[in-house]
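Colleague: how would this look folded up:
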Amino acid sequence: MKLTELEMKKFFFNLFILFLTTSFLISCGVAGRRFTSTPELYMEYSEYKLCMEYLTRIESIHQENRYIAIQRNGYDCSKFKEQAKAKRAADEEYYKRLEELIDALADCSVYNCTD
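Modeller: Down below sits the predicted model:
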């Protein structure tokens, strides 16, 4: 049985779609675990690590669970406030420069920069 070129293209296209679908479903299961947390997840963190994550990742969906772990462990995060503030400022600068770089690359892909 010999497949025509069109049948081969259809076969590989369907195989590719199956691969993408399977990859997506697997990643949802694995990555989904990253989006759920409990205070117990953070109970083994050091005071420094837990406090720094709590103070620098303000918009995180895990903040409530970090806060509970901090309370349960009796950690005092106030001693890390200045360091966390400096880290947030450095992170903001990093992401600002990264955004500028991405914008420059996008512009060059459109305008074909040669410099």
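Colleague: all contacts plus neighbour counts: C-alpha atoms, from now on.
Modeller: OK.
Colleague: element containing residue 21?
Modeller: The secondary structure element spanning residue 21 is helix 5-32 (assigned by DSSP states H and E).
Colleague: for that helix, what is the average pLDDT?
Modeller: Taken as a whole, helix 5-32 has an average pLDDT of 77.
Colleague: how far does that helix sit from the chain's center?
Modeller: Here helix 5-32 is found 24 Å from its chain centre; the criterion is Cα atoms, centre = their mean, to the nearest Å.
Colleague: buried sites along the very next helix or strand once past that helix?
Modeller: The element immediately downstream of helix 5-32 (helix or strand, assigned by DSSP H and E) is helix 39-42. With burial defined by 16 or more other Cα atoms under 10 Å, the residues of helix 39-42 counted as buried are 39, 42.
Colleague: Helix 39-42: how far from the chain's middle?
Modeller: On the basis of Cα atoms, centre = their mean, helix 39-42 is displaced by 19 Å from the centre of the chain it belongs to.
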